[in-house]
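In: Pasting the sequence and the predicted model now:
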Amino acid sequence: MIIRPATAADLPAILALVRRVVPLMNASGNFQWTGDYPNEAVFTSDIERNHLWVAELDAGVAGVAALTTDQDEEYAQADWDVTEPALVTHRLAVDPATQGKGVALALMEQAEKQAVAQGLRFLRVDTNSENAATQRLFPKLGYRFAGEITLGFRPGLRFFCYEKRLG
């Protein structure tokens, strides 16, 4: 598996991956993502800002994650210090055909590498309250549950926050 920065050439594969993931998320009661979000403009912005990473497996895009220092203002609702800079994982997705092969783990390990490279001591992530897979994954990786928040741009949904301190 190769973890690398995404390029504009990856956009078709990333969008196809999201089109495969969203129906499965929705079928399990997780409406964090829809046909409208995340979209090409969001991923293009991530790429332009050098925030988007892909996991390649068998020469195809198997997963994606945006690794940024952007923290939504609603993060103040969580049990962490929002004034402390952190690397935040957004838009983590794994192709259904490659689930169970360590793709999410590899992307989360890349987040740790990026945090260390940027001199950051904290990793943060939020996930829909209905996303059972990530709620199992994050504690296994050493993240602590930091509370529940709402996000203005995703009305009606609840999100669980997780944080990991490095060093």
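Out: Great, that's in hand.
In: For the rest of this, base every contact and every neighbour count on C-alpha atoms.
Out: Will do.
In: Which positions in stretch 110-125 come out as buried?
Out: Q110, A111, E112, Q114, A115, V116, L120, R121, F122, L123, R124, V125 (16 or more other C-alpha atoms under 10 Å).
In: residues making contact with the helix or strand of the chain with the lowest mean pLDDT?
Out: Taking mean pLDDT, DSSP states H and E as the measure, the chain has helix 132-140 as its least confident helix or strand, at a mean of 91. By C-alpha atoms under 8 Å, 6 or more residues apart in numbering, the list of residues contacting helix 132-140 from outside reads T127, R144, F145, Y162.
In: who's the first one bridged to?
Out: With DSSP bridges as the criterion, T127 is bridged to F160.
In: from memory it sits against E163, does it?
Out: No: taking contacts as C-alpha atoms under 8 Å, T127 lies outside contact range of E163: 11.6 Å.
In: need the helices for this structure, in chain order.
Out: Counting by DSSP state H, the chain has these helices, from start to end: 11-27, 40-48, 103-117, 132-140.
In: Tell me who's in contact with D95.
Out: If you count contacts by C-alpha under 8 Å, 6+ apart, then D95 has L17, V18, R20, V21, V61, A62, G63 around it.
In: As a markdown table, those with distance to Y75 would be great.
Out: Compiled in a markdown table, these are given as follows (distance: C-alpha to C-alpha, whole Å):
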| residue | distance to Y75 |
| --- | --- |
| L17 | 28 |
| V18 | 25 |
| R20 | 29 |
| V21 | 25 |
| V61 | 30 |
| A62 | 29 |
| G63 | 25 |
